[in-house]
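K.L.:
make a model of this:
(chains A, B, C and D)
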Protein chains: 2
Amino acid sequence: MFHVRPDSGEPIYVQLVRQIKHAVATGALAHGAQLPSVRQLAGELVVNPNTIVRAYRELEHAGLLEGVPGRGWYVTYGKSKLRDEERRRRLQAFIDQLWAEGRALGYTTDELADIAAEALRERAESERER
Amino acid sequence: MFHVRPDSGEPIYVQLVRQIKHAVATGALAHGAQLPSVRQLAGELVVNPNTIVRAYRELEHAGLLEGVPGRGWYVTYGKSKLRDEERRRRLQAFIDQLWAEGRALGYTTDELADIAAEALRERAESERER
DNA sequence: CGTACTGTATCATAACAGTAACACAGTACG
DNA sequence: CGTACTGTGTTACTGTTATGATACAGTACG
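P.N.:
All right, here's what the predicted structure looks like:
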């Protein structure tokens, strides 16, 4: 279900976090779905169980997953348990980062607004086509 | 000119990179402007000169600064020495990240397109007001 | 050419991050 | 209640990263 390169420079648990976020974002992992058990996934990826826990726990903190002792890990239902204000604040941080990096790459703020809007709308469009 | 918290969890040189990127993005540091010398800034921030070099060099790699042996460090003129294709590729990576994180926060792709576009246009607007 | 600036390079150290090994605890089910 | 799953917690090892100390080299200028 997931795959990982231990020598990619990027920590294993970060690779997992990215992939799981992506899977939930695209709907490949539905809300309420159960994730592979810590030991099972650790076995598949030939990695220590703690590494899986590390990834799951980070996603729990982000409000995306939920661990139930003795039962397993599940994708949360509610979009996020965070307050709207907090969600918006976190999103704004990413927008600010996009802006600063884009400016550093030489784009004007206007260009960034256009490019970002278009790229995201395009993505929304191809989602609808599925 | 800059400030830094050594115990903030975030490495000192990363804090610097962020601040300098921001300063160039807003125009607080003009193109062609000279930066504080490695030793001077290190003195002000009570930090090792190597730490400043580390930040400067990372920004050089990003195409934002340029160091001249014996003379000092300057903000590059050309927006970026990277090929257009590469600039766009890097920008797309940030947009993708914004998308994945935004989705993880519970926003739809459509919402993200709207919010990002509005936030960036607002920023462009307030730039014009200055 | 010597002084006083600049940046550069090398090496050492201390802290941290990532990963692992292993023991503990809850749930399900026959 | 015991087996076989689940997740949890503690501790330890290891490589990397961030930072620092210190010596080297280029530029400017009188």
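
K.L.:
which other residues reach the helix or strand that contains A:Glu111?
P.N.:
Assigned by DSSP states H and E, A:Glu111 belongs to helix A:109-129. With contact meaning C-beta atoms under 8 Å, 6 or more residues apart in numbering or on different chains, helix A:109-129 is reached by A:98-99, A:102-103, A:107, B:91-92, B:95, B:98-99, B:108-110, B:112-113, B:116-117, B:120-121, B:123-124, B:127. Quick note: C-beta positions are derived from backbone N, CA and C, even for glycine.

K.L.:
narrow the residues you listed to just the buried residues.
P.N.:
A:98-99, A:102-103, A:107, B:91, B:95, B:98-99, B:109, B:112-113, B:116-117, B:120-121, B:123-124 (16 or more other C-beta atoms under 10 Å in any protein chain shown).

K.L.:
any low-confidence regions in chain A?
P.N.:
For chain A, the stretches flagged by pLDDT under 70 are A:78-81, A:130.

K.L.:
write out the residues of it neighbouring DNA strand D.
P.N.:
A:9, A:35, A:37-40, A:49-50, A:53, A:56-57, A:67-73 (C-beta under 7 Å from any atom of the strand).

K.L.:
what sits against the residue nearest to the spatial centre of chain A?
P.N.:
Per C-alpha atoms, centre = their mean, the C-alpha nearest to the average position across chain A is that of A:Lys21, at 2.3 Å. The contact partners of A:Lys21, taken as C-beta under 8 Å, 6+ apart, are A:Leu59, A:Ala62, A:Leu64, B:Ala100, B:Glu101, B:Arg103, B:Ala104.

K.L.:
next, it: secondary structure please.
P.N.:
Under DSSP: H, G, I helix; E, B strand; the rest coil, A:Lys21 falls in the helix class.

K.L.:
interface residues of chain A facing DNA strand C?
P.N.:
Near DNA strand C, when you scan chain A using C-beta under 7 Å from any atom of the strand, you find A:6, A:11-14, A:47-51, A:54, A:68-71.

K.L.:
in helices, which of these fall?
P.N.:
A:Ile12, A:Tyr13, A:Val14, A:Pro49, A:Asn50, A:Thr51, A:Arg54 (DSSP state H).

K.L.:
separate out the buried members of these.
P.N.:
For these, buried by 16+ other C-beta under 10 Å: A:Ile12, A:Tyr13, A:Thr51, A:Arg54.

K.L.:
could you measure from A:Ile52 over to A:Lys21?
P.N.:
Distance of A:Ile52 to A:Lys21, given as C-beta to C-beta, to the nearest Å: 15 Å.

K.L.:
do A:Glu122 as well
P.N.:
In terms of C-beta to C-beta, A:Glu122 sits 20 Å off from A:Lys21.

K.L.:
and A:Gln15, by the same measure?
P.N.:
Distance, A:Gln15 to A:Lys21, by C-beta to C-beta: 11 Å.

K.L.:
how about A:Gln92?
P.N.:
Taken as C-beta to C-beta, the span from A:Gln92 to A:Lys21 is 18 Å.

K.L.:
same question for A:Asp96.
P.N.:
20 Å.

K.L.:
just A:His61 next, same as before
P.N.:
12 Å.

K.L.:
find the closest residue to DNA strand C in chain A.
P.N.:
Relative to DNA strand C, the nearest point of chain A is A:Gly70 (2.5 Å; C-beta to the nearest atom of the strand).
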